[in-house]
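Enquirer: quick check, what structure comes out for this input:
(2 chains)
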2 protein chains.
Amino acid sequence: MIAVDWGTTRVRAWRMDSAGRIRERRALDAGAMTVARDEFAAVLESLVGPWCAQGEGPLLLCGMVGSRHGWIEVPYVPCPASLADIAAGMVELPWAYGRVFIVPGLAYRDVDGVPDLLRGEESQALGAMAVLPEEGAALCLPGTHSKHLRVRNGRIVAFSTYMTGELFSLLLEHGILGRLADGRSIDDDAFAAGVQCMRGGASLSHRLFSVRACALTGELLPGAVAGYLSGLLIGHELSQLQAERIFIAAEPLLAKLYARAISIMGGAAQVLNADVAAAGLHRLALSLGERAFA
Amino acid sequence: MIAVDWGTTRVRAWRMDSAGRIRERRALDAGAMTVARDEFAAVLESLVGPWCAQGEGPLLLCGMVGSRHGWIEVPYVPCPASLADIAAGMVELPWAYGRVFIVPGLAYRDVDGVPDLLRGEESQALGAMAVLPEEGAALCLPGTHSKHLRVRNGRIVAFSTYMTGELFSLLLEHGILGRLADGRSIDDDAFAAGVQCMRGGASLSHRLFSVRACALTGELLPGAVAGYLSGLLIGHELSQLQAERIFIAAEPLLAKLYARAISIMGGAAQVLNADVAAAGLHRLALSLGERAFA
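Expert: Now for the predicted structure:
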């Protein structure tokens, strides 16, 4: 089968055998937000056409490809949700080169009634479940909009989104703090200081100003501004994550940064490989059974 | 005397009599961040030259005019600070048309050792003291970088900055939430919902994403996005403000918004007039005594 994680800025594809082993991979900088509705079929062909020509299939696509501005809008499935609930929400699309299923995202409402949404991370969670403890764990998926998912007994039971990556970019690219920064590289010590600074649930919009105060007092050099800011934002995000077992799935540098922050905050995290979405999509393909492989 | 509040984006001047009554006022869109070092003298002349020609003086200037990128850098005075401490930190500048004193800002370090800075708000606090209860009060000065000051027995004893206004602008002008918003007007109900959503100290970077979730689920119409976002940011800021007596000084629309948020959060606030900076600078001028009026 072919697993495709079609996010906002990038699309990644994995060719997998029936046992779930990854055979080949491809990626394009053709995020779902930059592709017009009537161009998705052609982009998919340029991405995985050769695999399909060899008879590979079916194709399972997750992420923003199923959003309002994607290929087709696939309704959110309510969370808590199991593999079967998510599989039942998949939508099949006509495509010239094989059977294409788009995986639904999840909608959640917390105890205060405030809504939250995700698309793509449901497949990562389904893939991570193979190694997550049955009795419950937290899965942390860092990014532009980081997601924390609670997984228990084969179900995604809750999740929350943090605008960590977007705030980092906005503040450095367009805000007053950006004028104090020299570069985007993450200084280790400054990062640790930022994380420490958010322990105990300090106010984010207050602590963000400490970037400016520390820079003006000379305590923070321009080359360390990005690291300190990153520490504040990731520390703020992780101060909400209370769980005995924390798992992180992300590309290696980001995963390492988050694992370090969790360690500074007195916890421990296990880093999973970044291909959990492929594993989740493979499980969904298997669950289709006759429907997909007919 | 002449009181001048020279902020980042705007400069305001008040001509005051010896009893502290405002006789005339003028303002220019010539913020300290847009004026070059060698242009301050000329801008000040165009602002208050006619008053000086009539013998008015001395001139007391507060705000970013005393920052590193202002007319001259005036060192911060450590907080807690009294009127006398701040007066002692003033720096006199040579100027052709009268005696010019630049008021220092304050530097503070909280219980965690994290620094904070302000320039201009020290003069607003000195002016507000006339009506603030001696035994202690909180003074809330909303803006791009909102300030909360603790005032007790004639001294500014602590303060904290919140990047409320800057985050509002960044998120709407450059962020993903801006694409969901139609206009910047503040819808009353949406504002109240945003404030409510932050009660109990919810995570800001998490709740910010609820703007997107509520917009996508249809609970938040495009015309209400700015109001809800404003409610979240102001609610987050004010959730840190625990005081029996809260006073607000700001231009009327902003003061009303903050007073409403405090009321939603179960508190009560008294709104002061927006000329408290002039009152504070007048007190500083009087404290100069012989030094200024020689």
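Enquirer: right, and A:W95 touches A:L44 too?
Expert: Yes: with contact defined as CB atoms under 8 Å, A:W95 reaches A:L44; the gap is 7.0 Å. In short, each C-beta sits where N, CA and C put it, glycine included.
Enquirer: between the two, which one's more packed in?
Expert: Between A:W95 and A:L44, counting by other CB atoms under 10 Å in any protein chain shown, A:L44 is the more crowded of the two (29 against 16).
Enquirer: and whichever strand or helix holds the more buried one, what does it pack against?
Expert: Take DSSP states H and E as the rule and A:L44 turns out to sit in helix A:40-53. Packed against helix A:40-53 by the contact rule (3 or more CB pairs under 8 Å, 6 or more residues apart in numbering or on different chains; DSSP states H and E) you find strand A:2-6, strand A:11-16, strand A:22-28, strand A:59-63.
Enquirer: what are the buried residues along it?
Expert: Applying a neighbour-count criterion of 16 or more other CB atoms under 10 Å in any protein chain shown, one finds A:40, A:43-45, A:47-48, A:51-52 buried in helix A:40-53.
Enquirer: pLDDT weak spots in chain A?
Expert: Chain A contains residues with pLDDT under 70 at A:290-294.
Enquirer: show me what the most centrally placed residue in it is bridged to.
Expert: With distances taken as CA atoms, centre = their mean, the residue of chain A nearest its centroid is A:L141 (4.6 Å). Residues in a beta bridge with A:L141, per DSSP bridges, are A:K147.
Enquirer: which non-adjacent residue is nearest A:L171?
Expert: Leaving aside its sequence neighbours, A:L171 sits nearest to A:L177 (CB to CB, 6 or more residues apart in numbering or on different chains; 4.9 Å).
Enquirer: a strand runs through that neighbour, doesn't it?
Expert: No: assignment of A:L177 by DSSP: H, G, I helix; E, B strand; the rest coil gives helix, placing it outside any strand.
Enquirer: residues near A:S230, how many?
Expert: By other CB under 10 Å, 23 other residues sit near A:S230.
Enquirer: secondary structure class for the residue lying closest to A:Q270 once chain neighbours are set aside?
Expert: Spatial nearest neighbour of A:Q270, excluding adjacent residues (CB to CB, 6+ apart): A:F247 at 5.2 Å. Assigned with three-state DSSP, A:F247 falls in the strand class.
Enquirer: gap between A:F247 and A:M129?
Expert: 10 Å (CB to CB, to the nearest Å).
Enquirer: I'd like the helices and strands packed on helix A:40-53 laid out as TSV, including mean neighbour count and distance to chain B.
Expert: As requested, the helices and strands packed on helix A:40-53 are arranged in TSV below (neighbours: other CB atoms under 10 Å in any protein chain shown; distance: least, CB to the nearest CB, whole Å):
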stretch	mean neighbour count	distance to chain B
strand A:2-6	28	17
strand A:11-16	22	19
strand A:22-28	13	22
strand A:59-63	29	15
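Enquirer: list the contacts of the residue nearest to A:Q270.
Expert: For A:F247, the residues meeting the contact criterion (CB atoms under 8 Å, 6 or more residues apart in numbering or on different chains) are A:128, A:131-132, A:137-140, A:269-272.
Enquirer: and the residues you listed, which is closest to B:T164?
Expert: Set against B:T164, the nearest of the contacts of A:F247 by CB to CB is A:C140 (27.8 Å).
Enquirer: give the contact list for the closest one.
Expert: A:C140 touches A:146-148, A:238, A:241, A:246-249, A:258, A:269, counting by CB under 8 Å, 6+ apart.
Enquirer: same check, this time on A:A274
Expert: By CB under 8 Å, 6+ apart, the neighbours of A:A274 are A:249-252, A:255.
Enquirer: what do you get for A:M265?
Expert: By CB under 8 Å, 6+ apart, the contact list for A:M265 reads A:195, A:199, A:235, A:238-239.
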